[in-house]
Structure formats: structure tokens, C-alpha cells
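K.L.:
Fold the stuff below for me.
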Amino acid sequence: MGEGHSLAAWTGVIIALVGIAIGTVAFFFDVQWLVWAAAGVTLIGFLAGFILSRLGYGVRGAKTLQKEH
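P.N.:
Sure, this is the predicted structure:
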């Protein structure tokens, strides 16, 4: 329960989605350097989520508030 409902998950996914959206538009308009830059942004998003999770902002991290359902 609660998988992905954390600051780490949301931050990583939002950054990755921005990268994917930019990359899709750049691919459509054949701007190759921007496609690769967007791929880098996507990877940074995944890396940011992983780092934030390790820092305690993951699902059951030390720095997150636990919600009772």
C-alpha cells in the first residue's frame, strides 16, 4: 500500500514526464540535439527520484508523514 505516493516518486515522475514531452515534440520537429537533451532530463528525473528516496523522502522514509487510512 502507498507505493509511489511520496515526494521522491512524484518529483521523479514529473521531471521525467517533462523530459518525455519535450523529447516527443523535438522528435516530431526533427530537432535532434533537443531529443538527446530531453533524454538527459528524463534520466535526471529518474535519478532525482532515486536520490530523494535514499535521502528519506520515499514511501516509508524517515522524512515523510505516515497517513493512516
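
K.L.:
CA only for contacts and neighbour counts going forward, please
P.N.:
Fine.

K.L.:
Tell me which residues are up against stretch 15-28.
P.N.:
Identification of contacts with stretch 15-28 by CA atoms under 8 Å, 6 or more residues apart in numbering yields 32, 34-46.

K.L.:
Show me which positions of that stretch end up buried.
P.N.:
I15, A16, L17, G19, I20, I22, G23, T24, A26, F27 (16 or more other CA atoms under 10 Å).

K.L.:
Helix or strand: which one has the last one?
P.N.:
Read that as F27. Per DSSP states H and E: F27 is located in helix 7-28.

K.L.:
average pLDDT across that helix?
P.N.:
Helix 7-28 comes out with an average pLDDT of 96.

K.L.:
Just checking the distance from it to the centre of its chain.
P.N.:
Averaging C-alpha positions (CA atoms, centre = their mean, to the nearest Å) puts helix 7-28 7 Å from its chain's average.

K.L.:
name the helices or strands packed onto the next helix or strand along the chain from it?
P.N.:
Using DSSP H and E, the helix or strand that follows helix 7-28 towards the C-terminus is helix 32-52. For helix 32-52, the packing partners by 3 or more CA pairs under 8 Å, 6 or more residues apart in numbering; DSSP states H and E come out as helix 7-28.

K.L.:
quick one: the helix it packs on to helix 32-52, angle?
P.N.:
Interaxial angle, helix 7-28 versus helix 32-52 (axes from the mean of the first three to the mean of the last three CA atoms, to 10 degrees): 170 degrees.

K.L.:
picking up where we left off before, could you export the helix holding F27 as PDB, CA atoms only?
P.N.:
Below are the C-alpha coordinates for helix 7-28, written out as PDB (Å, rounded to 0.1, in the frame of the first residue of the first chain):
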ATOM      1  CA  LEU A   7       7.800  13.200  -2.600                       C
ATOM      2  CA  ALA A   8      10.500  11.200  -4.200                       C
ATOM      3  CA  ALA A   9       8.100   9.400  -6.600                       C
ATOM      4  CA  TRP A  10       6.200  12.400  -7.600                       C
ATOM      5  CA  THR A  11       9.300  14.500  -8.200                       C
ATOM      6  CA  GLY A  12      10.900  11.900 -10.300                       C
ATOM      7  CA  VAL A  13       7.800  11.200 -12.400                       C
ATOM      8  CA  ILE A  14       7.100  14.900 -13.000                       C
ATOM      9  CA  ILE A  15      10.600  15.600 -14.200                       C
ATOM     10  CA  ALA A  16      10.700  12.500 -16.300                       C
ATOM     11  CA  LEU A  17       7.300  13.400 -17.900                       C
ATOM     12  CA  VAL A  18       8.500  16.900 -18.800                       C
ATOM     13  CA  GLY A  19      11.600  15.400 -20.400                       C
ATOM     14  CA  ILE A  20       9.400  12.900 -22.400                       C
ATOM     15  CA  ALA A  21       7.000  15.600 -23.500                       C
ATOM     16  CA  ILE A  22       9.900  17.900 -24.700                       C
ATOM     17  CA  GLY A  23      11.500  14.900 -26.400                       C
ATOM     18  CA  THR A  24       8.300  14.000 -28.200                       C
ATOM     19  CA  VAL A  25       7.800  17.500 -29.600                       C
ATOM     20  CA  ALA A  26      11.500  17.700 -30.500                       C
ATOM     21  CA  PHE A  27      11.400  14.400 -32.300                       C
ATOM     22  CA  PHE A  28       8.300  15.500 -34.300                       C
END
